[in-house]
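K.L.:
Sequence first, then the predicted structure, then my questions.
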Amino acid sequence: MKIITKIILIFIYFLSFPINAGTLDTVRDRGYLNCGVAENFPGFASLDDEGNWRGFDIDFCKAISLAIFNDSKKVNFVPTSSRSRFPLLALGEIDVLIRNTTWSYSRDVNLEFEFAGINFYDGQGFMIPTSFKISNISELDNSTICVVSGSSIELNIKYYFEKNNLEFKTVPADTFDESMNLYLNNNCDVLSGDLSVLSSSRIKIGDTNSHSILKNIISKEPLGPLVKHNDSNWADIIRWTLNALVIAEEKSINADNIDEMLNSSDPEVLRLLGEIGNYGDMMELDNKWAYNVIKELGNYSSIYEKNIGANTIFGTKRGLNNLWTNGGLLYSPPFK
């Protein structure tokens, strides 16, 4: 009897603590998603001539909005800088951060954030004036390199160049835009950054033939959506929205054929599209959440090719961002 009384008292004790609403409830009550994106990153997140946000990361924000509301317009895009992105997430000003943010140990653990997958495999590279006629990083001995001060970019350069006995000098800047301006004003020989950023910057410059990006990659930069710790259901929603887009590509499901796929004999397809099981309920979503995402945006390939693919001005090949069955690293756990 005493044991039962203790259990009841413990139960009452924990009930006395206020229950904080999860992020999903907060987003639903607000009526829209606050999605942190880059300030001006053509191909990934930038405003078009009509003032509408476009890009690879923008479509992933829309995918989350579709999963929750079945409406891609119920999302507020919040521009973030390299300095402001983490404080904005920590303070709850944004619900998820989807911009060129590398998944690293310290960001995942020490900053108390959680990466909900990888939506783009990137790496650090180098852009040089085409007139230099350089094709390999080994030819950058005794060069000056524009970098963002205190960034992982600067640390990677120091490690790589010293390891390979290459002399160099860095020209520091507070932001990447400042670093690019220093490069364009001939204050350094080379501009370094993630390949996706360099490709976007090359387009912004306008004269793409005057600047070349070396093929060498000196680091791993897995980019992905970021959320706060201690809200596993919210992290699941972000993670599985990304996974659903990858699975859709694996199963050859796209916006055009999705209704035909409702008659598929593949049980994983039927589970994904909400035809069998109660998989949406597990995340407090409608069972047709993935169907709604794919119906409007297509699959991972659709988003990639539309925004940064081979037929865009960026001409970015899939490379590591191809499916595992096609020589890439994209791989989703099974939907079952």
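P.N.:
Arrived safely.
K.L.:
can you pull the contacts of residue 33?
P.N.:
Neighbour list for residue 33: 27, 61, 64, 65, 68, 69, 74, 75, 76, 95, 96 [criterion: Cβ atoms under 8 Å, 6 or more residues apart in numbering]. For the C-beta atoms, the positions are set from N, CA and C on the backbone; glycine is no exception.
K.L.:
contacting residues around the residue nearest to it when sequence neighbours are not counted?
P.N.:
Excluding the flanking residues, the one nearest residue 33 by Cβ to Cβ, 6 or more residues apart in numbering is residue 75, at 4.5 Å. The contact partners of residue 75, by Cβ under 8 Å, 6+ apart, come to 32, 33, 34, 35, 61, 62, 64, 65.
K.L.:
Can you report how many residues neighbour the first one?
P.N.:
This means residue 32. A total of 16 residues lie near residue 32 under the criterion other Cβ atoms under 10 Å.
K.L.:
The last one too?
P.N.:
Residue 65 is flanked by 24 other residues according to other Cβ under 10 Å.
K.L.:
Against residue 281, how distant is it?
P.N.:
Distance, residue 65 to residue 281, using Cβ to Cβ, to the nearest Å: 20 Å.
K.L.:
just the fourth one next, same as before
P.N.:
Separation of residue 35 from residue 281 (Cβ to Cβ): 24 Å.
K.L.:
Between the two, tell me which one has more neighbours.
P.N.:
Counted by other Cβ under 10 Å, residue 35 and residue 281 do not tie: residue 35 has more neighbours, with 26 against 10.
K.L.:
OK, contacts around the residue nearest to the more buried one when sequence neighbours are not counted?
P.N.:
Nearest non-adjacent residue to residue 35, counting by Cβ to Cβ, 6+ apart: residue 61, 3.6 Å away. When contacts are counted by Cβ under 8 Å, 6+ apart, residue 61 touches 33, 35, 37, 75, 77, 96, 98.
K.L.:
So which residues of the stretch 51-200 of the chain form strands?
P.N.:
Listed in chain order, the strands of the stretch 51-200 of the chain (DSSP state E, counting those that start in this stretch) span 53-54, 75-80, 96-97, 113-115, 120-122, 124-129, 143-148, 168-173, 190-194.
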